[in-house]
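**Q** Quick check, what structure comes out for this input:
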Amino acid sequence: MMRWFLIVLVLLTACGDQKRKLYVYTWSEMFDPDLIREFEQNCECRVILDTYDSNEMLYAKLKSGAGGYDLIVPTYYFEQLMVKQNMLEPIDLSKIPNIKYLDRSLLKPIDKTLLLYSVPFSISYTGIGFRKDRIARLEDTWCVFGDSRYRGRMTLLNDYRETLGIALLCLGFNPNTLNPEEIDRAADLVIEWKKNIAKFENEQYKNGIATAEFLIVQGYSSDILQVSRENPDVVFSFPKEGALVSFDQFAIPRGARNQDLAYAFINFIFEPRVSAENMKLISLRIPNQEAYQYLPKKMLESLALFPGEKIVSKLVPIEDLGEDVRLYQQAWEKVKESR
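**A** You can find the predicted model right below:
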């Protein structure tokens, strides 16, 4: 009897292993776990999520040939690089019928030809998060990181394009400039700010501002909104000089094995109800015009999710600069080596 039990167990395990698998490489906390389980049930598959905390990590892993992923979520300017290097499959929009809900009015800042290789998934903004209970009135400028009154209680992102980008905005320059003198001035400004900040940081600033260890942070709107749900004293602000906007894109790596399952997942996320449920959890705006009707009034009134035209007019996406990106890399090395 035990022998037959073991044979049945082996057969059941083997059958379980035959279930289709979708391998997704993405930012952390991008998908509601309940929605992932719903998709798995609908498609009789398993979704395996691996996460990264920078576009550089994503790019390096794929470039090395590692991974075997079916779906990735690069930010717009890294997608530009991947398209140039033939790292992505062309997108067949006929396999994504829910693309009809795409809010195309939000895509003006980006190169529309990239829609041949991707589908916009989420939009977020790089701004300032601060503790309104500890700071009576925050000056709405990126230059606040030069204020020594908050020395040791501020953080900047550990990302050379993001942080040099806001320094360029503070100086009145384009965050995608190729002028070496302007980039050098931005590096000098960040070096001045470095005297006041606790550290360059991409993840733990969320916990830090929640506990008031940090009072002012350069951060992503989605992170700050997630923290503010638990602590309303944490708020998000757009500086007067303008802000950086990020478009994270669904893309299929060249040679992906389960492309049909990847298309099914994209289409599932773009169902209006699903998009709305995901937005409620991750606090990122999914450009799905039919999904907005399912959002609570508080979200619809949030400028960090639905900024007005005055703010939108000052939003700038980071662009792929090709080999000229070395100007920013060299400037960042100067910042990191400074004391």
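**Q** and Asn98, how many neighbours?
**A** As a burial measure, Asn98 scores 18 neighbours (other CB atoms under 10 Å). C-beta: built from backbone N, CA, C; applies to glycine.
**Q** Do I have it right that it meets Phe265?
**A** No - Asn98 lies out of contact with Phe265 (CB atoms under 8 Å); the separation is 11.3 Å.
**Q** Which parts of the stretch 51-200 of the chain are strands?
**A** Using DSSP state E, counting those that start in this stretch, the strands found in the stretch 51-200 of the chain span residues 71-72, 119-131, 154-156, 199-200.
**Q** What helices and strands are in contact with the third one?
**A** Strand 154-156 sits against helix 180-194, strand 199-200, strand 216-220, with contacts defined as 3 or more CB pairs under 8 Å, 6 or more residues apart in numbering; DSSP states H and E.
**Q** What residues sit buried inside that strand?
**A** Of the residues in strand 154-156, Met154, Thr155, Leu156 count as buried by neighbour count, 16 or more other CB atoms under 10 Å.
**Q** quick one: strands adjacent to it?
**A** Using DSSP bridges, the strands paired with strand 154-156 in its sheet are strand 199-200 (parallel), strand 216-220 (parallel).
**Q** And the buried residues of strand 154-156, which is closest to Cys170?
**A** Closest approach between those and Cys170, by CB to CB: Leu156, at 11.9 Å.
**Q** low pLDDT regions in this protein?
**A** For the chain, the stretches with pLDDT under 70 are 1-17, 109, 111, 114.
**Q** the helices in it, which residues?
**A** In the chain, the segments counted as helices under DSSP state H are 2-17, 33-43, 55-63, 76-84, 160-170, 180-194, 205-210, 221-230, 259-269, 272-282, 297-300, 309-312, 326-337.
**Q** right, so of these, which gets closest to Leu49?
**A** Nearest of the helices of the chain (CB to CB): helix 33-43, 7.5 Å.
**Q** Could I get the helices of the chain in CSV, plus columns for mean neighbour count?
**A** Below are the helices of the chain laid out as CSV (neighbours: other CB atoms under 10 Å):
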stretch, mean neighbour count
helix 2-17, 9
helix 33-43, 14
helix 55-63, 16
helix 76-84, 21
helix 160-170, 24
helix 180-194, 18
helix 205-210, 21
helix 221-230, 20
helix 259-269, 20
helix 272-282, 19
helix 297-300, 11
helix 309-312, 12
helix 326-337, 16
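**Q** JSON lines please, covering the ones you listed and showing distance to Ser237.
**A** As requested, the helices of the chain are exported to JSON lines (distance: least, CB to CB, whole Å):
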{"stretch": "helix 2-17", "distance to Ser237": "50"}
{"stretch": "helix 33-43", "distance to Ser237": "30"}
{"stretch": "helix 55-63", "distance to Ser237": "25"}
{"stretch": "helix 76-84", "distance to Ser237": "23"}
{"stretch": "helix 160-170", "distance to Ser237": "13"}
{"stretch": "helix 180-194", "distance to Ser237": "17"}
{"stretch": "helix 205-210", "distance to Ser237": "12"}
{"stretch": "helix 221-230", "distance to Ser237": "9"}
{"stretch": "helix 259-269", "distance to Ser237": "29"}
{"stretch": "helix 272-282", "distance to Ser237": "20"}
{"stretch": "helix 297-300", "distance to Ser237": "18"}
{"stretch": "helix 309-312", "distance to Ser237": "10"}
{"stretch": "helix 326-337", "distance to Ser237": "24"}
